[in-house]
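Participant: fold the following, please.
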Amino acid sequence: MRTILLAVASLALAFALGLLTPLARAAEAVLSITDPLGDDHGDGSLQYPTSALYAPGVFDLAAFEVAKDGAELVLAATFKLPFRRPPEDQVVATDLKLRDVSNNGLYLQNVDIYVDIDGVPGSGYEQMVPGRVATISPDSAWELAVVLTPQPYAATSLLRQAELELSDAVRIPDDIVVRGRTVTARTPLPLASSDPGEWGYLVVVTAAAFRPALALGSDMLRASIAILNMPVLAGASPTALGTSVRSAFVPPILDLLHPTARAQESALGITERSVAPPELRAWRAAAASEKPTGTGSAQASPPEESVPASDKVAPDGAGKVLAAKEDLIVFSLPAGATVFVGAIGQVLGDSAGGEVIATIVVTKLMPDGIFTAQVAKGDAARIAPGQRVVFR
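Facilitator: Numbering: from 1, shown residues only. All right, here's what the predicted structure looks like:
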């Protein structure tokens with residue numbers, strides 16, 4: 001009886017607030033989470049595109065609802081501002097107007113919903129949809145993802161090209177309902193006997209892009225295709241998100257479902273010394289205080305002391321390791337020297353003979369002669385700041 005009363009009370013509250021669409025109002029509400037207003041700036045550094053199309057607040061998530069309707073899961077995201085259709089002649093990309101783009105009622109926002117069903121650490125996927133520039137903690141590994149995006153067919157095609165295995169677990173519905181401030185989607189329940197109110201949910205909002213492209217971020221080329229989300233660039237742009245943080249790992253996530261704005265900024269926070277994207281955690285009603293959406297410790301930034309204060313070039317003119325974490329390294333090259341993504345180099349040990357301790361593959365190009373690479377062969381545990389990097 002208590003469960004029924006709680007469900008009825010939750011549904012009544014959601015109805016009164018106007019957070020659920022008519023589709024969801026006919027269902028059994030199982031979860032309702034509010035999100036702070038005014039936190040649509042990601043890690044605190046993200047800036048809206050400068051185009052007048054993006055009114056302040058259009059990416060500001062206000063609430064997230066989960067309901068159960070028979071064998072269907074109902075998901076509803078409510079924003080600060082009502083959804084509005086831009087003018088037909090609105091230019092949404094170079095040589096592309098809105099009238100030339102088919103969509104499902106969304107125009108500006110992507111909403112990703114990652115669902116941790118079983119709550120078993122490591123059981124599920126830890127990567128997000130390509131282009132989101134973040135990963136998911138193993139203790140929030142997900143079994144189901146639902147992506148709400150203006151161009152579901154194009155997004156599905158891109159996802160299959162980029163992540164064949166991942167695409168099997170991602171649902172991109174084309175029959176969403178957009179009404180007022182709320183977008184609602186229905187999807188078949190993956191486990192009819194499981195209680196959706198006990199699952200973990202990670203919800204992120206990105207700015208929709210209308211043309212597929214390699215994602216650019218912080219003046220560098222990312223390795224993966226972005227699934228129709230805007231990139232992050234240094235400075236302001238009418239067609240991209242801006243940031244003042246000079247890092248390849250600033251996520252293009254404008255809003256993250258979490259009861260507090262400070263926790264969101266901590267979860268998405270990146271510094272110029274970060275050697276990996278942030279790692280996020282799902283929000284779970286049963287253990288909200290124990291399992292927050294993200295933690296600052298998941299930023300994968302090297303310790304302050306791991307970045308040497310000396311110059312960035314080794315005495316013999318070789319490159320120099322600046323930071324190392326697991327199989328990722330950050331290194332620099334002498335002024336005027338450069339390498340390309342995919343170039344193969346070597347990290348040399350401290351011995352006089354220059355023993356090769358690891359073979360690396362360049363993965364990112366960053367400003368000021370800084371690069372990131374992944375260890376392809378050798379002993380990553382022996383790599384340390386100050387060691388030489390060479391490309392023969």
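
Participant: next, give phi and psi for L81.
Facilitator: The phi/psi pair for L81 (degrees, to the nearest 10) reads phi -110, psi 150.

Participant: which residues touch the residue nearest to it when sequence neighbours are not counted?
Facilitator: With C-beta to C-beta, 6 or more residues apart in numbering as the criterion, L81 has its nearest non-adjacent residue at 4.7 Å, and that residue is G57. Using the backbone N, CA and C atoms, a C-beta is placed for each residue, glycine as well. Taking C-beta atoms under 8 Å, 6 or more residues apart in numbering as the contact definition, G57 lies against L37, D40, F79, K80, L81.

Participant: list just the nearest of these to L148.
Facilitator: F79 (11.6 Å; C-beta to C-beta).

Participant: OK, contacts around that closest one?
Facilitator: Taking C-beta under 8 Å, 6+ apart, one finds G57, V58, F59, D60, L61, A62, Q109, R181, T182, V183 in contact with F79.

Participant: and the gap between it and F371?
Facilitator: Between F79 and F371 the distance, using C-beta to C-beta, to the nearest Å, works out to 39 Å.

Participant: equivalent analysis for L46, please.
Facilitator: Relative to F371, and taking C-beta to C-beta, L46 is found at 24 Å.

Participant: who has more neighbours, the two?
Facilitator: For the pair L46 and F371, the greater number of neighbours falls to F371 (26 against 23), based on other C-beta atoms under 10 Å.

Participant: sorry, back to before: which SSE is the residue nearest to L81 in?
Facilitator: Per DSSP states H and E: G57 is located in neither a helix nor a strand.

Participant: go on, the one 10 residues further on?
Facilitator: Secondary structure here is read from DSSP H and E; on that basis A67 sits in strand 61-69.

Participant: pretty sure A267 is in a helix, no?
Facilitator: Yes. Under DSSP: H, G, I helix; E, B strand; the rest coil, A267 falls within a helix.

Participant: between strand 61-69 and the next helix or strand after the strand holding A67, find me the angle.
Facilitator: With elements assigned by DSSP H and E, the helix or strand that comes after strand 61-69 is strand 72-79. Here the directions of strand 72-79 and strand 61-69 differ by 170 degrees (axes from the mean of the first three to the mean of the last three C-alpha atoms, to 10 degrees).

Participant: show me which residues of strand 72-79 are buried.
Facilitator: Residues of strand 72-79 classed as buried under the neighbour-count rule (16 or more other C-beta atoms under 10 Å) are L73, V74, L75, A76, A77, T78, F79.

Participant: possible to save those residues as TSV with distance to V92 and pLDDT?
Facilitator: Shown next, in TSV, are the buried residues of strand 72-79 (distance: C-beta to C-beta, whole Å; pLDDT from 0 to 100):
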residue	distance to V92	pLDDT
L73	31	94
V74	29	96
L75	26	96
A76	25	96
A77	21	97
T78	24	95
F79	19	96
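
Participant: shaky segments in the stretch 51-200 of the chain?
Facilitator: 93-94, 99, 102, 163-164, 192-193 (pLDDT under 70).

Participant: can you give me the strands for it?
Facilitator: For the stretch 51-200 of the chain, strands defined by DSSP state E, counting those that start in this stretch occupy the ranges 61-69, 72-79, 91-93, 96-97, 109-116, 135-136, 144-148, 170-171, 177-179, 182-188, 200-207.

Participant: quick one: those strands as TSV, columns for distance to A358 too.
Facilitator: Below are these laid out as TSV (distance: least, C-beta to C-beta, whole Å):
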stretch	distance to A358
strand 61-69	42
strand 72-79	44
strand 91-93	41
strand 96-97	45
strand 109-116	33
strand 135-136	23
strand 144-148	34
strand 170-171	34
strand 177-179	51
strand 182-188	44
strand 200-207	34
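
Participant: roughly how far does the residue nearest the centre of the chain sit from Q387?
Facilitator: What sits nearest the mean C-alpha location of the chain, by C-alpha atoms, centre = their mean, is R132, with 3.3 Å. According to C-beta to C-beta, R132 and Q387 sit 32 Å apart.

Participant: I'd like to know how many residues surround S194.
Facilitator: Applying other C-beta under 10 Å, we find 12 residues neighbouring S194.

Participant: and what of P56?
Facilitator: The number of residues near P56, taken as other C-beta under 10 Å, comes to 11.

Participant: okay but it is in contact with P49, surely?
Facilitator: No. Shown here, P56 and P49 do not form a contact pair, counting by C-beta atoms under 8 Å, at 11.5 Å.

Participant: now do the domain split for the chain, please.
Facilitator: As assigned by automatic domain parsing, the chain contains the domains 2-299, 304-390.

Participant: tell me which of those is the most buried.
Facilitator: domain 2-299 (a mean of 19; mean count of other C-beta atoms under 10 Å).

Participant: can you give the distance from that domain to the centre of its chain?
Facilitator: Relative to its chain's centre, domain 2-299 lies at 8 Å (C-alpha atoms, centre = their mean, to the nearest Å).

Participant: over to stretch 376-389?
Facilitator: For stretch 376-389, the distance to the chain centre is 29 Å (C-alpha atoms, centre = their mean).

Participant: ranges for the helices of the stretch 151-300 of the chain?
Facilitator: Per DSSP state H, counting those that start in this stretch, the stretch 151-300 of the chain carries helices over the ranges 152-162, 164-167, 261-268.

Participant: right, I'll leave it there.
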